[in-house]
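Visitor: Take a look and give me a structure for this.
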Amino acid sequence: MQYREYGTTGEKLSALGFGAMRLPDDDDYGIEVMRRSFELGVNYIDTASGYTTGTDESSEVVVGRALKGWRDKVKLATKNPKYAAPATADDWWANLEQSLERLDTDHIDFYKVCHFLSLEAFEDNVRPNLWDTIMKAKDQGIFTYTCFSSHDTPENIMTLINTGLFDGMLVQYNLLDRANEEAIALAAEKGMGVEIMGPIGGGRLGLASAQLQGVLDDVASTPDLALRFVLSNPNISLALSGMNTLDMVEENCASASREEPLTDQEREQVLAAVKENERLSELYCTGCDYCMPCQESVGIPQAFAAMNLHKVWGLTELAKQNYARLGPDHKDGLLQADACVECGECEGKCPQNLPIIEQLAETHAALGE
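Guide: Numbering: from 1, shown residues only. Reported below is the predicted structural model:
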């Protein structure tokens, strides 16, 4: 396992962290999976008060059990969910105490003092109403490092970074979503630790893709390439992976143990291939939604997005899963491509002049039952 500095904290953490959001249905097996990662060198585990296991047990409870005998070797991170009005300081403190009880510990190493933090919530509520309480908990030694997780815009995340109040952050970054690259660089420049969620695209890159896997010779799988790509960014401290099988632990630990995840040249090769795939995706459909609404409720952009995964990225199983969500039970009532009556209204609205009727038929033939 390779280990990296977490900003200027002086802590050296495994490049691969264990994300305990998607633990398996069997809690005892989940503990076995977590402990196997510890045996292979993972020394950082992240959970949250809102995460549950497949048995509806609190993830924090199961993580606490897994850490028995390992607590002095593994750094613990969890998250406080109260991040926006009408949350009060008392609410925030109650959540902190609940996490301590569930984890069966009196101390948290890396505390995401706000989960899903937005700049608006920080300015409206966290800083004016909660910050003194947050610092009180830190001063009492209940947690060591002040961190946040966020899905806000890169610009807003950079504003949070520039407050100088945080030791570290958790943001999304992967082969298919590199929007936070500038924010990641800024955080590293400011001495913050940078944790990555979704390094394998929230599971999207967990499935085989001949197009991606074939970019380099020395790649074991698409997840191997995705994780090594993330870890090749020198501004990243560690990547969290939601591992729920022993095989996933073995594979991801092997990827994170390579001293050179990707060379600069290999990274450029991968980016060039991704860029070309993105260009091909745009030639097929950009997802502009100008074709909508469809009078027959066909989910045209959704169907074509699934087709892009199949045709451009080679993620056929994921494409079929996404396409199968269209139908009478879809949350917006959008239907699959076979509901098209070929009225042609959508083609008149498409700025790319795509042969939508023809491509809908092609999509259903490739991805439909």
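Visitor: only C-alpha atoms for contact and neighbour calcs from this point on.
Guide: Noted.
Visitor: Quick one: low-confidence residue ranges for the stretch 51-200 of the chain.
Guide: Applying pLDDT under 70 to the stretch 51-200 of the chain flags the ranges 85-86.
Visitor: Please, where are all the helices along it?
Guide: Secondary structure of the stretch 51-200 of the chain (DSSP state H, counting those that start in this stretch): helices at 59-66, 89-103, 119-121, 131-139, 154-161, 181-189.
Visitor: Please tell me how far stretch 60-67 is from the chain's geometric centre.
Guide: In terms of C-alpha atoms, centre = their mean, to the nearest Å, the centre of stretch 60-67 is set 22 Å apart from its chain centre.
Visitor: Ok, stretch 105-116 next?
Guide: Computed by C-alpha atoms, centre = their mean, the chain-centroid distance of stretch 105-116 equals 18 Å.
Visitor: who's in contact with that stretch?
Guide: For stretch 105-116, the surrounding residues in contact (C-alpha atoms under 8 Å, 6 or more residues apart in numbering) are 64, 75-83, 100, 134, 141-152, 169.
Visitor: Can you go through the residues you listed and name the buried ones?
Guide: For the contacts of stretch 105-116, a neighbour count by 16 or more other C-alpha atoms under 10 Å gives the buried set as 64, 75-83, 100, 134, 142-150, 152, 169.
Visitor: Can you show me the strands along the stretch 151-300 of the chain?
Guide: When assigned using DSSP state E, counting those that start in this stretch, the strands of the stretch 151-300 of the chain occupy the ranges 168-172, 193-197, 238-241.
Visitor: Which one of the ones you listed lies nearest to P223?
Guide: For the strands of the stretch 151-300 of the chain, the distance to P223 is smallest for strand 238-241, at 10.3 Å, taking C-alpha to C-alpha.
Visitor: For the closest one, give the mean pLDDT please.
Guide: The pLDDT scores in strand 238-241 average 96.
Visitor: Identify the neighbouring strands of it in the sheet and state each direction.
Guide: Here strand 238-241 is paired, per DSSP bridges, with strand 16-19 (parallel), strand 193-197 (parallel).
Visitor: Out of those strands, which gets nearest to L246?
Guide: strand 16-19 (12.3 Å).
Visitor: Could you count how many residues lie near G30?
Guide: When counting by other C-alpha atoms under 10 Å, one arrives at 25 neighbours for G30.
Visitor: Ramachandran angles for it?
Guide: phi -60, psi -40 (degrees, to the nearest 10).
Visitor: Read off the pLDDT value for it.
Guide: pLDDT, G30: 95.
Visitor: unless I'm mixing things up, it is touching A20, no?
Guide: No - the pair G30 / A20 is not scored as a contact, 9.2 Å apart, by C-alpha atoms under 8 Å.
Visitor: Which stretch among the strands paired with strand 238-241 is buried most, on average?
Guide: Among the strands paired with strand 238-241, judged by mean count of other C-alpha atoms under 10 Å, the one packed with the most neighbours on average is strand 16-19 (a mean of 27).
Visitor: Who are the contact partners of the residue most central in space within the chain?
Guide: By C-alpha atoms, centre = their mean, the mean C-alpha position of the chain lies nearest to G198, the distance being 2.3 Å. Contact analysis of G198 by C-alpha under 8 Å, 6+ apart lists 172-174, 240-241.
Visitor: again, 10 Å this time
Guide: Residues near G198 by C-alpha atoms under 10 Å, 6 or more residues apart in numbering: 19, 171-175, 177, 204-205, 226-227, 230, 239-242.
Visitor: Can you tell me how far it is from F38?
Guide: Noted for G198: a distance of 20 Å to F38, by C-alpha to C-alpha, to the nearest Å.
Visitor: Equivalent analysis for H107, please.
Guide: H107 is 19 Å from F38, where distance means C-alpha to C-alpha.
Visitor: Between these two, point out the one with more neighbours.
Guide: F38 (23 against 18).
Visitor: What's the local residue count around the closest residue to that one other than its chain neighbours?
Guide: Excluding the flanking residues, the one nearest F38 by C-alpha to C-alpha, 6 or more residues apart in numbering is V74, at 7.5 Å. The number of residues packed near V74 is 18, by other C-alpha under 10 Å.
Visitor: related to what we said a few turns ago, export the strands paired with strand 238-241 to CSV and append columns for distance to D329.
Guide: Formatted as CSV, those follow (distance: least, C-alpha to C-alpha, whole Å):
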stretch, distance to D329
strand 16-19, 31
strand 193-197, 30
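Visitor: looking at the ones you listed, which is closest to A306?
Guide: Closest approach to A306 among the strands paired with strand 238-241 (C-alpha to C-alpha): strand 193-197, 23.0 Å.
Visitor: And the contacts of that closest one?
Guide: Under the contact criterion C-alpha under 10 Å, 6+ apart, strand 193-197 has outside partners 4-9, 11, 15-17, 19, 147-150, 166-174, 183-185, 187-188, 230-231, 235-242.
Visitor: Out of the strands of the stretch 151-300 of the chain, which is closest to E250?
Guide: Comparing the strands of the stretch 151-300 of the chain against E250 with C-alpha to C-alpha, the closest turns out to be strand 238-241 (12.1 Å).
Visitor: so how far is that closest one from its chain's centroid?
Guide: Distance, centroid of strand 238-241 to centroid of chain: 9 Å (C-alpha atoms, centre = their mean).
Visitor: Stretch 238-255 now?
Guide: Distance of stretch 238-255 from its chain centroid, counting by C-alpha atoms, centre = their mean, is 14 Å.
Visitor: That concludes my questions; thank you for your assistance.
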